[in-house]
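Visitor: using only what follows, build the 3D model:
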Amino acid sequence: MFAIPWHGVAVVGTTDTPVDEISLEPRALDHEVESILDTANDYLSHPAEPSDILSVFTGIRPLVRAGGDKKTADLSREHSILIDPLSGLLTVAGGKWTTYRKMAADVVDRAILLADLDPHDCVTQDLAIHGAGGGRGAGSGATDIDGAADRRLAVYGSDAAEIARMEAESEDARTALHPRLGITAAEVRWACRSEMARTVDDVLARRTRSLLLDAQAAIEVAPRIAEILAAALGRDEAWIRAETEAFREIAAAYVHG
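Guide: Numbering: from 1, shown residues only. All right, here's what the predicted structure looks like:
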């Protein structure tokens, strides 16, 4: 069990429940939520209530199992590299987000051996990902309202300066779209223009993480997100209504109770 501060909330988890079928939108089970809440309350100085839960989300963990009836909790979280004896196809399975660099290095090293390629020094360990390199000034360029500059820098890294520039263009662009969410119209336009966001779900679940932070607030702001996207993408009112409803259906599973 862990509790991690994340964008102003605490993420508490996790459970480990085997499933027979994989769903595109997996849902947390009631007993899982109850178990996490009960365990967390054993350690919290101020016990949490079900009404304190802002969002519930789950995912399918990819585990590699050779066979047998081993419990999922006992299976290794390490990655495995598999090679098809007929085609030579190299597959990496298992692993986790925190070891993605090691996974990449191991796959390339194995591919070099298989294909008899000239080896080179691995650069993965020190390779900067997108957004690296921004200093404290990267979030400057617009009025710092309620720590907005720090939030931009934490979320966007070296892209924060461009977000700040867009927010400086108008009050509408920099005003928070929802009182419980820090996202602005400029961030939605940035997600569409520079991060390939094409749906409300893209923006609220996968670009800003708003759905994971406060599901009800995300549902409430969805129509406005759809309007901003529609203006950027040249969509009509019917698209706005359809996108809003599609997001509400997805987000309903994240609302507890």
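Visitor: just the buried residues of stretch 164-174, please?
Guide: Using 16 or more other CB atoms under 10 Å as the test for burial, stretch 164-174 gives 164, 166-167, 173-174. The way it works is simple: take the backbone N, C-alpha and C, and place the C-beta from them, glycine included.
Visitor: what is the most widely separated pair among those residues?
Guide: Ala164 and Ala173 (10.4 Å; CB to CB).
Visitor: average model confidence for the host helix or strand of Ala251?
Guide: Here Ala251 sits within helix 237-251, counting by DSSP states H and E. For helix 237-251, mean pLDDT rounds to 98.
Visitor: buried sites along it?
Guide: 240, 243-244, 247, 250-251.
Visitor: same deal with stretch 48-64?
Guide: Neighbour-count burial for stretch 48-64 flags 53-58, 63 (criterion: 16+ other CB under 10 Å).
Visitor: pull out the buried residues from stretch 204-212.
Guide: The neighbour-count check on stretch 204-212 (16+ other CB under 10 Å) flags 204-205, 207-212 as buried.
Visitor: which element is encountered next along the chain beyond the helix or strand of the chain with the lowest mean pLDDT?
Guide: Lowest by mean pLDDT, DSSP states H and E among the helices and strands of the chain is helix 148-156, with a mean of 85. Toward the C-terminal end, the helix or strand that comes next after helix 148-156 (DSSP H and E) is helix 160-167.
Visitor: can you check the distance spanned by stretch 202-220, start to finish?
Guide: In stretch 202-220, first residue to last residue: 16 Å (CA to CA, to the nearest Å).
Visitor: residues in contact with that stretch?
Guide: Residues from elsewhere that reach stretch 202-220, judged by CB atoms under 8 Å, 6 or more residues apart in numbering: 6-9, 54-57, 155, 178, 180-181, 183, 187-188, 191-192, 195-197, 201, 221-222, 225, 229, 247-248, 250-252, 254-256.
Visitor: quick check: which ranges of the stretch 51-200 of the chain have low pLDDT?
Guide: Residues of the stretch 51-200 of the chain that meet the criterion pLDDT under 70 lie in 66-76, 134-147.
Visitor: closest to Cys122 among the buried residues of stretch 164-174?
Guide: For the buried residues of stretch 164-174, the nearest to Cys122 is Ala164 (35.6 Å; CB to CB).
Visitor: quick one on the thing from earlier: just the buried ones from the contacts of stretch 202-220, in ChimeraX syntax?
Guide: Remark: buried members of these, expressed as a ChimeraX selection using 16+ other CB under 10 Å:
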select :7,54,55,56,57,155,178,181,183,187,188,191,192,195,197,201,221,222,225,229,247,250,251,254,255,256
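Visitor: show me the contacts of stretch 202-220 that map onto helices.
Guide: With helices taken from DSSP state H, the overlap with the contacts of stretch 202-220 comprises 155, 187-188, 191-192, 201, 221-222, 225, 229, 247-248, 250-251.
Visitor: now those residues as JSON lines including distance to Asp42?
Guide: Below are the ones in helices among the contacts of stretch 202-220 laid out as JSON lines (distance: CB to CB, whole Å):
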{"residue": "Val155", "distance to Asp42": "33"}
{"residue": "Glu187", "distance to Asp42": "38"}
{"residue": "Val188", "distance to Asp42": "40"}
{"residue": "Ala191", "distance to Asp42": "39"}
{"residue": "Cys192", "distance to Asp42": "44"}
{"residue": "Asp201", "distance to Asp42": "35"}
{"residue": "Val221", "distance to Asp42": "35"}
{"residue": "Ala222", "distance to Asp42": "36"}
{"residue": "Ile225", "distance to Asp42": "38"}
{"residue": "Leu229", "distance to Asp42": "43"}
{"residue": "Phe247", "distance to Asp42": "36"}
{"residue": "Arg248", "distance to Asp42": "35"}
{"residue": "Ile250", "distance to Asp42": "32"}
{"residue": "Ala251", "distance to Asp42": "30"}
